[in-house]
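> Sequence first, then the predicted structure, then my questions.
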Amino acid sequence: MRNDSLLTVEGLQTHFFTEEGVVRAVDGVTLSVRPGETLGLVGESGCGKTVTALSILRLIPDPPGRIVGGTISFDGRDLLRLPEEEIRKIRGSSISMIFQEPMTSLNPVFTVGEQVAEGIRHHQKVSRREAWDRAIEGLRRVKIADPVRRVREYPHQLSGGMRQRVMIAMALALGPRLLIADEPTTALDVTIQAQILELLLGLQEEMKMAVMLITHDLGVIAETADRVLVMYAGRVVEEAVVKDLFDNPLHPYTQGLLESLPRLEAGKGGRRLTAIPGLVPNLLELPVGCKFAPRCSKAVGECWPTEPELREIRPGHWARCILA
Amino acid sequence: MEPLLVVKDLKKYFPVKKGIFFGERAELRAVDGVSFEIRRGETMGLVGESGCGKSTTARLILRLLEPTAGEVYFGKTAVFTANKEEMRQLRRKLQIVFQDPYSSLDPRMSVEEIVGEGLTIHRLAKGKEKSERVAELLEMVGLGREHLGRYPHEFSGGQRQRIGIARALAVGPELLIADEPVSALDVSIQAQVINLFEDLQKELGLTYLFIAHDLRVVKHISDRVAVMYLGQIVELTESDELYRNPLHPYTQALMSAIPAADPRPKGRRMVLEGDPLSPIHIPSGCRFHPRCPKRFDRCDKEEPVLREVSAGHWVSCHLY
Amino acid sequence: MSERQRQNGRRYGRRLGGRWKWHRGILLGSLILFFFGLIALLSPLLSPYDPYRIPEKLQAFSLLSPGADHWLGTDLLGRDLLSRILYGARISLLVGVVVELAVTPVGVTIGLFAGYFGGKIDAVLMRITDAVMAFPGLVLAIALTAVLERPGFLSVIIVLAAVRWTTVARLVRGQVLSLREAEHITAAVALGARKGRIIFRHLLPNCLAPILVAMTFGVASNILSEAGLGFLGLGVQPPTVSWGSLLAEGAVYLTVKPWLCIFPGLAITCTVLGFHLLGDGLRDIFDPRLRS
């Protein structure tokens, strides 16, 4: 089933060795991304979604972090075994990443054109002139008005949405086959968020690339993803085609997330939000069995002693819950 | 009904320097003529994107910032002309809960000191009585007396927000201004805190001014909602009416930009062109016209005023 | 798998080692400072010779190399260098600490006021601070010494304090400026807290940690400055000794009898290092990012 994948992650474990103990930020994540599809990774802070993404590009700060188990293969190559030099070639060319806060990812002392062009020249032997022209082309592609003028501007002269467009232009300059977008719209206003998502989806179609979209916002997932992985406490707790996930969520955590969203349709006082009780889990004090059990309204005795496996409940719909 | 809070033509301009060497002055018009009323016991929502002036409005009402112009009445008291003593009394009745659960609690104070500070300032309780009162407040917001001696860094974001709410409630306010109180929280925790706000309102008969950028949250909790754009209210109405019948093109765009938790293809989305404008360069005519898909020749010439187009539904747009 | 576990164990160990490092910084720094403090305190007991007495047979004792009788050698007047360094520790450390203690309350007050009230008060206070900072320290020292007629312990303290408060004031002002925007300060205002409460219950406690760190570095810098003044002859005057004045005396013989400079220099270096280790350690501890 996963042979046609562009990216396959198998049993990934990324741990952080801190003063207080070993934080198992990602603990056995398996996922695959097929060419051209959008895989959504959804979960709350500390669920391991960003660490998973950083692990794929081997960008985990070491120390304190370290990939201690699993395999990551991209296009038939084992990324975890590649020498540093090789993985650097892959970053930004075949796999690109964009982040939540575009301002911190851009260098304030260079113009955006210089930064886009430098990214190109870093990977390809092209003349300064050509890289510059391609930078302008890149900005045009992300629908920045008047790119010839904008390339000469500095990041602080651009609005947040514009900066995120520049980041996307940089990420796409070399035609990656996989784009990892980590909360790309979270820092943006809702009207700008809609613009950026629309742009991303358009470019994905145009460039035939796969997108791994990381977000905490189920709404963003619903609008963009083909398949979804729900993460909790460093694990995948549910995996499904987007429609199945929203129509028929199997894991109580997914159900809880969906129910805790305020809905526009409901009138005031009509529906009390169904909150998930308890706190976002502390990765240092996880229970032995199901990690969600302490917050789960449906938990039964068997949830506590052993952790359930991720099982395929229906074709293509997986859940890590004994009740599913 | 007698309104609890009346805001009249509130303005706040911040001076900004434009040139590096010569003092070429410009103004940032953060709040530019905002008027509304809040009735006792209701929840008024204030929604808008970053930089629209909603937080500045909150701080002006509390007189944490001095206004450029305008009036605010709390009951019969004029907030901006209140003297020191009147102001201290007002501060008991008007409280605020902040957005950032980290910077809003003093890291060097224990929970008891934080929540009890208002009791000390207004000499409402001290010693054992104060501890007891703080413990009650903590229980009211879903924490416990075992948390009294702990420090903010020992708590999660949601718990910190509860501490902030307890601090505000300690002095027995009538109006609670919540400035983006859930936007820094995880989804599952957001729902807990929203529910807490609703419970407290029922229990204590509080009046809320609830500020957020997330229309879903504002719509859920509010009786009426005001939509702000570039320092002005562009639409104000009952929250159900706003959802069913949004009139201002900006409200329509906000509504349509919200990703619905439903993967089925929806109707055509109304995606706005361009970026939000800066409150330094406010366009002529209607401030929304450069981004408005429905603009016509009048829009860049004449500034619309907020008018009541149907009962209780106010909008500031030339279309109506 | 077992190999992996062993690696994990190693890394975990190294991480703990990293934590030890700053504990070690404080430990080592305190140890060094304790050592020099003890020396300063007990110098009359520890000194093998009278540091001031010039022996009668001057020729026989002048500029001796380090040896069994005089571990660190003697100076031109035949006085034992070790004893002089031990006595010098008193003055040098005293100058360092006294200046810092004198200057901190002044700097903190000015910084708090400038930062909290802002506007004109801030502008005036900070222009004064800038002016003092911009004024060349040496010229000030020479001028002040001239006014005070005779350089000595007091003049050193005054000269150093006159410049040093500016650093503290700047630091505190910066802290206050960033704190003032913090929502917990706004919350206190919204609760009806008066100015005094804001300043003393909220701003000051949150400035204490950086002030303490700055004080340790400040003492080190004062010791160095004292040495600099002493070297120029503007420090304490004979017969009183400080590490700075020892440096000045030894400088004449730097090429032929280098130990006259090396040993006082080492004493200064070690003490300054001690304060810096302590300061770095404290900064690490106080850094909220390192706290869970």
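Nice, I can see it.
> distance of A:Leu310 from C:Thr166?
63 Å (CB to CB, to the nearest Å). All C-beta atoms are positioned from the backbone trio N, CA, C, and that covers glycine.
> neighbour-wise, which of those two wins?
The residue with more neighbours, out of A:Leu310 and C:Thr166 and counting by other CB atoms under 10 Å in any protein chain shown, is C:Thr166; that gives 23 against 18.
> just checking, the more buried one touches C:Ala134?
No. Applying CB atoms under 8 Å, one finds C:Thr166 not in contact with C:Ala134, separated by 9.6 Å.
> who's in contact with the residue lying closest to B:Gly45 once chain neighbours are set aside?
Take B:Gly45 and drop its neighbours on the chain: the residue closest to it by CB to CB, 6 or more residues apart in numbering or on different chains is B:Ser222, 3.1 Å away. Contacts here follow CB atoms under 8 Å, 6 or more residues apart in numbering or on different chains; on that basis B:Ser222 touches A:Lys268, B:Thr43, B:Met44, B:Gly45, B:Tyr208, B:Phe210, B:Ser239.
> repeat for C:Leu82
Residues in contact with C:Leu82 (CB under 8 Å, 6+ apart) are C:Ser47, C:Pro48, C:Tyr49, C:His70, C:Trp71, C:Leu72, C:Phe263.
> can I assume the second one sits in a strand?
No. According to DSSP: H, G, I helix; E, B strand; the rest coil, C:Pro48 belongs to no strand; its state is coil.
> Against chain B, how distant is C:Pro264?
42 Å (CB to the nearest CB, to the nearest Å).
> where does the nearest residue to that residue once chain neighbours are set aside land on pLDDT?
Nearest non-adjacent residue to C:Pro264, counting by CB to CB, 6+ apart: C:Leu246, 3.9 Å away. Looking at C:Leu246, its pLDDT is 86.
> secondary structure class for C:Leu246?
Assignment for C:Leu246 (three-state DSSP): helix.
> got a list of what the most centrally placed residue in chain C touches?
In chain C, the C-alpha nearest the mean C-alpha coordinate belongs to C:Val219, at 1.6 Å (CA atoms, centre = their mean). The neighbourhood of C:Val219, defined by CB under 8 Å, 6+ apart, consists of C:Gly96, C:Val97, C:Val99, C:Glu100, C:Phe275.
> Compare those residues and tell me which is most surrounded.
Highest neighbour count within these: C:Val99, with 27 neighbours (other CB under 10 Å).
> quick one, what contacts that one?
C:Val99 makes contact with C:Ile157, C:Leu160, C:Ala161, C:Arg164, C:Gly218, C:Val219, C:Asn222 under the criterion CB under 8 Å, 6+ apart.
> For the stretch 151-300 of chain A, which segments count as helices?
With DSSP state H, counting those that start in this stretch, the ranges of helices along the stretch 151-300 of chain A come out as A:160-172, A:190-207, A:218-224, A:242-247, A:252-260.
> for the ones you listed, which one ends up most surrounded?
With neighbours defined as mean count of other CB atoms under 10 Å in any protein chain shown, the helices of the stretch 151-300 of chain A peak in mean count at helix A:160-172, which reaches a mean of 25.
> Which residues does the host helix or strand of B:Lys130 contact?
Element membership for B:Lys130 (DSSP states H and E) is helix B:127-140. Applying CB under 8 Å, 6+ apart, the contact partners of helix B:127-140 are B:111-112, B:115-116, B:119-120, B:124-125, B:144-145, B:147-148, B:162-163, B:166, B:169-170, B:200, B:203.
> 7 Å - rerun?
By CB atoms under 7 Å, 6 or more residues apart in numbering or on different chains, the residues outside helix B:127-140 that reach it are B:Glu112, B:Val115, B:Gly116, B:Leu119, B:Ala125, B:Gly144, B:Arg145, B:His147, B:Leu148, B:Ala166, B:Leu169, B:Ala170.
> If you count contacts, what does the helix or strand following that helix end up packed against?
Going down the chain from helix B:127-140, the next helix or strand is helix B:157-170, by DSSP H and E. For helix B:157-170, the packing partners by 3 or more CB pairs under 7 Å, 6 or more residues apart in numbering or on different chains; DSSP states H and E come out as strand B:94-97, helix B:111-121, helix B:127-140, helix B:187-204.
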